[in-house]
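*Asks:* quick check, what structure comes out for this input:
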Amino acid sequence: MSAKIKVAPVSYLNTKPLLYGIERSEVMNSIELVADYPANVAGALQRGDIDLALLPVAAIPTIPNAQIITDYGIASDGNVASVCIFSMVPMEEIETVYLDYQSRTSVRLAQLLLEKLWKKKVVFKPATENYIDYINGTTAGVIIGDRALKQLTNFDYIYDLAKGWKELTGLPFVFAAWVANKQLPQEFITAFNAANAEGLKHIDEVVAQNPFPYYDLHTYYTENIHYLLDEEKKKGMQKFLELIHP
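*Replies:* The predicted model follows:
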């Protein structure tokens, strides 16, 4: 029997609809799932510890033989809700910004928007484990994923980064795509793509399985997150990669 394909999704709520389809598909017979947060997933794919990852797009140029293999990923066309700069003061008063250690893509997007959209020079600080506790006064912070959704009612000023990107470029933003670091069998790719698509037909079941009192997950899955990477999404992804890797 051939070795299983090691697949790393991201351990956030936004991947649950895709995983719903994957975990109920026959494709599960040929894969081993190893979920982690985005920065760790990127490192594992770089090292070749895994074969396929829902990869933060900023990391794509760092992956040897990177190939996007499905029509699905994590994107947004306007408000994403779960990737924001949180602050107790308005943008013009922010002096320091903590950068979430969990995702390089969100951090690069925040830096880009502060420079090009908000025209702000700030001091960037690497976030420690409990950095959210220190977001106060003129110190803001980038928070992503489920933790961001939990903070939406706790801060006076919230700057949604996907909305900022739309303002800056007029394009949607792609946070992550399924990227392989080697040639995978076409039969597997076809089945994996179909499994992603199947999960999106079961949003109500996914919501029911993941009780989350902080934010309406039906809204999150059907309005904030866009899963199909159409041509506009790919244009947005290409634009981002051009801006961060000139």
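*Asks:* show me what counts as buried in the helix or strand of the chain with the lowest mean pLDDT.
*Replies:* One helix or strand of the chain scores below all others by mean pLDDT, DSSP states H and E: helix 38-47, with a mean of 88. Within helix 38-47, the residues scored as buried using 16 or more other Cβ atoms under 10 Å are P38, A39, N40, V41, A42, A44, L45, Q46. Using the backbone N, CA and C atoms, a C-beta is placed for each residue, glycine as well.
*Asks:* what is the nearest of the residues you listed to I143?
*Replies:* Lowest distance from I143 to the buried residues of helix 38-47 (Cβ to Cβ) belongs to P38, with 13.3 Å.
*Asks:* point out where this structure drops to low pLDDT.
*Replies:* 1-2, 246 (pLDDT under 70).
*Asks:* in space, what's closest to the spatially most central residue of it - neighbours in sequence excluded?
*Replies:* By Cα atoms, centre = their mean, the chain has its centre lying nearest to F175, at 4.0 Å. Closest residue in space to F175, ignoring its immediate chain neighbours: I74 at 4.5 Å, by Cβ to Cβ, 6 or more residues apart in numbering.
*Asks:* what pairs with the strand or helix carrying the one you found, parallel or antiparallel?
*Replies:* Secondary structure assignment for I74, by DSSP states H and E: strand 67-76. Sheet pairing of strand 67-76 (DSSP bridges) gives strand 173-180 (antiparallel), strand 226-228 (antiparallel).
*Asks:* now the next helix or strand after the first one, how far from the centre of its chain.
*Replies:* Yep, that's strand 173-180 we're talking about. Proceeding N to C from strand 173-180, the next assigned helix or strand is helix 186-199, under DSSP H and E. Relative to its chain's centre, helix 186-199 lies at 20 Å (Cα atoms, centre = their mean, to the nearest Å).
*Asks:* quick check: angle from helix 186-199 to strand 67-76?
*Replies:* Helix 186-199 runs at 10 degrees relative to strand 67-76, counting by axes from the mean of the first three to the mean of the last three Cα atoms, to 10 degrees.
*Asks:* off-centre distance for stretch 11-20?
*Replies:* That offset, for stretch 11-20, works out to 11 Å (Cα atoms, centre = their mean).
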